[in-house]
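>>> Pasting a predicted model and its sequence here:
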Amino acid sequence: MGPASSKQVSELLLNWGNGDRGALEAILPLVYEELRQLARYQLHQQRPNHTLQSTALVHEVYLRLADQKSIRIENRAHFLGVAAQLMRWILVDYERGRRAAKRGAGITRLTLDPSIALPSSPKGTDVDLLALDEALDRLAKLDGQQSQIIELRYFGGLSIEDTAEFLGVSSATVKRAWSSARAWLLREMSLGESRFDT
């Protein structure tokens, strides 16, 4: 997205935050391809036979954003971060519904991107989506920022720099927290798997 578009998105986000419901409709075409990339990134990590399509995921994000009565989004990175969080919730809700329909059968496992995989885990390690979501909720109670960083990087596919911009911190802070949070998640996910096996 060029500087003109980025400025236009920022202005529209400000208008939307001030109650202009039409601003969201104007924003969508400007960020649609980025949202589809986020959705494809998310769905690529899901089980191969996932029935949710990237377009449907983007549209669900849009509907959830449109339902918001009062929301303040400052810039493109913030918007993508909020979209990433919504995608996480949608995918987790979708998985919960799928498991409930099958009465718990067929755990969905995500394949972690090697660039963001948990430390010391083999490349392409599969992770249970709901177990990851529960671990992130536990991490949020201990350190909200670290949980957000994992969410933005893993679910949103945001770079270190975009994550730093979203959170209003330095890239070095994000790198440190990212490393620490990944180590914590590795431990939690290992404990979680042993809890599920017993």
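On my side now, so go ahead.
>>> pLDDT value on S121, please?
Model confidence at S121, given as pLDDT, is 43.
>>> from now on call the first residue 27
Yep, numbering from 27; the last one is S147 now.
>>> helices and strands of this protein: which one has the lowest mean pLDDT?
Lowest by mean pLDDT, DSSP states H and E among the helices and strands of the chain is strand 135-137, with a mean of 50.
>>> Would you map the helices across this protein?
Along the chain, the stretches classed as helices by DSSP state H are 29-43, 47-70, 80-92, 102-127, 155-168, 170-176, 186-193, 197-223.
>>> Rebuild those as CSV, extending it with mean pLDDT.
Converted to CSV, the helices of the chain look like this (pLDDT from 0 to 100):
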stretch, mean pLDDT
helix 29-43, 79
helix 47-70, 83
helix 80-92, 86
helix 102-127, 82
helix 155-168, 85
helix 170-176, 89
helix 186-193, 87
helix 197-223, 78
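>>> okay if I get those helices as JSON lines plus mean neighbour count?
Bear in mind the C-beta positions are built from the backbone N, C-alpha and C, glycine included. Converted to JSON lines, the helices of the chain look like this (neighbours: other CB atoms under 10 Å):
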{"stretch": "helix 29-43", "mean neighbour count": "16"}
{"stretch": "helix 47-70", "mean neighbour count": "17"}
{"stretch": "helix 80-92", "mean neighbour count": "17"}
{"stretch": "helix 102-127", "mean neighbour count": "19"}
{"stretch": "helix 155-168", "mean neighbour count": "17"}
{"stretch": "helix 170-176", "mean neighbour count": "21"}
{"stretch": "helix 186-193", "mean neighbour count": "20"}
{"stretch": "helix 197-223", "mean neighbour count": "15"}
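>>> How about residues contacting stretch 78-91?
Applying CB atoms under 8 Å, 6 or more residues apart in numbering, the contact partners of stretch 78-91 are 50, 54, 58, 61-62, 65-66, 68-69, 72, 97, 108-109, 112-113, 116-117, 120.
>>> cool, and stretch 93-100?
With contacts defined as CB under 8 Å, 6+ apart, stretch 93-100 is touched by S36, L39, W42, G43, L91, F105, V108.
>>> Find the nearest non-adjacent residue to the third one, please.
Ranked by CB to CB, 6 or more residues apart in numbering and with sequence neighbours excluded, the top spatial neighbour of W42 is A49, at 3.8 Å.
>>> my guess is the one you found meets V35, correct?
No - if you go by CB atoms under 8 Å, A49 and V35 don't touch, sitting 9.9 Å apart.
>>> any idea how far the nearest residue to S196 once chain neighbours are set aside lies from Y120?
Excluding its sequence neighbours, the residue lying closest to S196 (CB to CB, 6+ apart) is A190, at 6.0 Å. Counting by CB to CB, to the nearest Å, the gap from A190 to Y120 is 30 Å.
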